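Chemist: Sharing a sequence plus its predicted fold:
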Amino acid sequence: MDANEILDYCLAKKGVTETFPFDNETLVMKVGTKMFLLMPLEKQPLSINVKTDPEWSAELREQHPQITGAFHMNKTHWNSVLTDGLKKDLIFKMIDQSYELVFNSLTKKAREEIINS
């Protein structure tokens, strides 16, 4: 899996924008005004940070050594994921959950604006 696949997958979701709020190499994907994925473009192997349900985060970390608590983020909710060795469908499932969790945390007005755009 490469960065372009992840970027295309994210951009296909409603209301998603790509930004570089921290530096020129850390891509941040947002839904509305909130981030749901971070991807350092210069880092190899490819890694992403995504938000997942805390219970699922614990399961993922037990089952996959490539998944750990995300550095500089709330480790209960955010995972750092080295994509090497993980199935594409698992990576997409984590991205989907991250998007949904963040989308659902938006105000009702913001969610409706995204849905109706």
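Modeler: Great, that's in hand. Model, not experiment: these values are computed from the prediction.

Chemist: avg pLDDT for stretch 14-28?
Modeler: Average pLDDT, stretch 14-28: 94.

Chemist: Buried ones in that stretch, by neighbour count?
Modeler: For stretch 14-28, burial by neighbour count (16 or more other C-beta atoms under 10 Å) applies to Gly15, Val16, Thr26, Leu27, Val28. Where you see a C-beta, it was placed from the backbone N, CA and C, and this is true even at glycine.

Chemist: and of these, the nearest to Lys43?
Modeler: Lys43 lies nearest to Thr26 out of the buried residues of stretch 14-28, by C-beta to C-beta, at 9.0 Å.

Chemist: Just give the nearest non-adjacent residue to that closest one, would you?
Modeler: If the residues on either side of it in the chain are set aside, Thr26 comes closest to Pro40, at 5.1 Å by C-beta to C-beta, 6 or more residues apart in numbering.

Chemist: Now do the SS call for Leu60.
Modeler: helix (DSSP: H, G, I helix; E, B strand; the rest coil).

Chemist: quick one: it from Phe71, how far?
Modeler: Look at Leu60 and Phe71: by C-beta to C-beta, to the nearest Å, they are 16 Å apart.

Chemist: Looking only at neighbour counts, state which of these two leads.
Modeler: Under the neighbour definition other C-beta atoms under 10 Å, Leu60 and Phe71 were set side by side, and Leu60 has more, 21 against 10.
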